[in-house]
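J.: the amino acid sequence is not available; the structure is as follows:
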């Protein structure tokens, strides 16, 4: 498999080698073992070396994966209709986490401007210097008249009165790997003759052990993930949200599907140059690592932190509820060069065989209306 993957550029390979050296040092300093969550965190976010913190081209046809906003502006236009409904109930600020190339920001702002519902400020919270530079270029080129509303943040403000959105943010947060032998063990990374290798250790964190035991899994050999980062992220947002809403779109399942017996190898996967890679130790720093989202855990974290769980549904249903079909009607069907690629992209967004069913939307609120357009039909909160 690995022999079929594109070779990295020499400068990129040097970055990966430096990250591998830093990981080997960390393993040595920590008694010969690190939890996988630490490995994943460093592989993605180590300053100047991690996948999202170094200068690699990540999005689009020349990158490692393609997100919905990169496929069509109709995705952002549909989401904007939901935001236009919510923004007037707040101070009018919009916060986007992990804004990628800036494409979604452009599409949201364009549609919100058309709806006469522009946010007071559009805050982008991102940790990647490379992506921030791309976002600035994209927004400067396509939305120069709105630049004064756009602010980049490296950390959350203490108080949020507005709308928080994140597309494919949760899946990029570090997760713990648990291996049932049948006793649940925490899977981590050690060093062997051929480099990084797996090593299981007993779970010594009482809180993590309680979460694992609550799953009720006893199948020997079962491997899966728990994203404590997802839960902490929701708790942090809840603590700072004075008034407003949180809308997150990502791929994943409710717990009963996430931990289904047939999903015995977990969901962790790597993305490298539009290839999927099963080995998370392949070129650390140059490959994206993700795991699917346990939406039951995300929902419970929000409820426990005092948020209203507004809705949960498939991406297809959410986009249809938000009127993506109406947005499509603006296109000229006689202009094949425009119509055909947009129609194809929308088909991928809503088809059950593509992104429509695997991707989900979940919404939380605090001191705002609980009836949202995006969840008007097909809400699945009862499945969580």
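T.: In hand now; what should we look at? Quick caveat: nothing in here was measured; it's all calculated off a predicted structure. Numbers count the residues shown, from 1 in each chain.
J.: may I see the buried residues of stretch 33-52?
T.: Applying a neighbour-count criterion of 16 or more other CB atoms under 10 Å, one finds 34-46, 49-52 buried in stretch 33-52. For every residue, glycine as well, the C-beta is placed using N, CA and C.
J.: would you state the strands of the stretch 201-350 of the chain in chain order?
T.: 223-226, 241-253, 269-272, 275-277, 288-290, 293-294, 308-314 (DSSP state E, counting those that start in this stretch).
J.: okay if I get those as TSV plus distance to residue 351?
T.: Formatted as TSV, the strands of the stretch 201-350 of the chain follow (distance: least, CB to CB, whole Å):
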stretch	distance to residue 351
strand 223-226	26
strand 241-253	14
strand 269-272	21
strand 275-277	19
strand 288-290	21
strand 293-294	20
strand 308-314	11
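J.: for the longest helix along the chain, packing partners?
T.: When the chain is parsed with DSSP state H, its longest helix is helix 10-29. With contacts taken as 3 or more CB pairs under 8 Å, 6 or more residues apart in numbering; DSSP states H and E, helix 10-29 sits against strand 34-35, helix 36-45, strand 184-192, strand 195-202.
J.: who's in contact with that helix?
T.: Helix 10-29 has contacts (CB atoms under 8 Å, 6 or more residues apart in numbering) with 8, 33-34, 38-39, 42-43, 46, 48-50, 54, 56, 189-191, 195-196, 283-286.
J.: what are the ranges of the helices in the stretch 1-150 of the chain?
T.: With helices called from DSSP state H, counting those that start in this stretch, the stretch 1-150 of the chain shows them at 10-29, 36-45, 68-71, 73-86, 103-114, 129-142.
J.: now the second one against strand 184-192, angle please.
T.: With axes from the mean of the first three to the mean of the last three CA atoms, to 10 degrees as the criterion, the two stretches helix 36-45 and strand 184-192 enclose an angle of 60 degrees.
J.: what helices and strands are in contact with helix 36-45?
T.: Here helix 36-45 touches helix 10-29, strand 176-180, strand 184-192, strand 288-290, going by 3+ CB pairs under 8 Å, 6+ apart.
J.: turn these into CSV, columns for mean pLDDT and distance to residue 304.
T.: Formatted as CSV, the helices and strands packed on helix 36-45 follow (pLDDT from 0 to 100; distance: least, CB to CB, whole Å):
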stretch, mean pLDDT, distance to residue 304
helix 10-29, 96, 32
strand 176-180, 98, 19
strand 184-192, 98, 23
strand 288-290, 96, 25
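J.: let me have those in TSV, extended by distance to residue 308 and mean neighbour count.
T.: Formatted as TSV, the helices and strands packed on helix 36-45 follow (distance: least, CB to CB, whole Å; neighbours: other CB atoms under 10 Å):
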stretch	distance to residue 308	mean neighbour count
helix 10-29	40	15
strand 176-180	28	22
strand 184-192	33	19
strand 288-290	28	22
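J.: tabulate those (TSV), appending distance to residue 151.
T.: Shown next, in TSV, are these (distance: least, CB to CB, whole Å):
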stretch	distance to residue 151
helix 10-29	29
strand 176-180	34
strand 184-192	38
strand 288-290	27
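J.: residue 379 contacts residue 312, doesn't it?
T.: Yes - if you go by CB atoms under 8 Å, residue 379 and residue 312 touch, sitting 6.7 Å apart.
J.: sorry, back to before: so of the strands of the stretch 201-350 of the chain, which one's packed in deepest?
T.: Ranked by mean neighbour count, those are led by strand 293-294 with a mean of 28 (mean count of other CB atoms under 10 Å).
J.: and that one, which strands flank it?
T.: Next to strand 293-294 in the sheet, as set by DSSP bridges, lie strand 241-253 (parallel).
J.: quick one, what contacts residue 115?
T.: Applying CB under 8 Å, 6+ apart to residue 115 gives the contacts 80-81, 84.
J.: if you set the cut-off to 10 Å instead, what comes out?
T.: 77, 80-81, 83-85, 87 (CB atoms under 10 Å, 6 or more residues apart in numbering).
J.: now residue 69
T.: 59, 75-76, 79, 99-108, 167-168.
J.: which among those gets closest to residue 227?
T.: residue 168 (13.8 Å; CB to CB).
J.: if I look at the closest one, what pLDDT would I see?
T.: At residue 168, the model reports a pLDDT of 96.
J.: check residue 64 too.
T.: The model reports residue 64 with a pLDDT of 56.
J.: how close does residue 299 get to residue 247?
T.: Here residue 299 is placed at a distance of 13 Å from residue 247 (CB to CB, to the nearest Å).
J.: ok so, going back, overlap of the contact sets of residue 379 and residue 312?
T.: 318, 363.
J.: what residues of stretch 135-153 count as buried?
T.: For stretch 135-153, by 16+ other CB under 10 Å, it's 135, 138-139, 143, 146, 149-150.
J.: got the contact list for it?
T.: Under the criterion CB under 10 Å, 6+ apart, residues 93-97, 99-107, 109-110, 112-113, 118-126, 128, 132 lie in contact with stretch 135-153.
J.: start to end distance for it?
T.: Start and end residues of stretch 135-153 are separated by 13 Å (CA to CA, to the nearest Å).
J.: where are the low-confidence patches of the stretch 51-200 of the chain?
T.: Judged by pLDDT under 70, the stretch 51-200 of the chain has its weakly predicted residues at 55-65.
J.: could the helices and strands packed on helix 10-29 go into a markdown table alongside distance to residue 220?
T.: As requested, these are arranged in a markdown table below (distance: least, CB to CB, whole Å):
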| stretch | distance to residue 220 |
| --- | --- |
| strand 34-35 | 21 |
| helix 36-45 | 20 |
| strand 184-192 | 11 |
| strand 195-202 | 12 |
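J.: kind regards, and thank you for your time.
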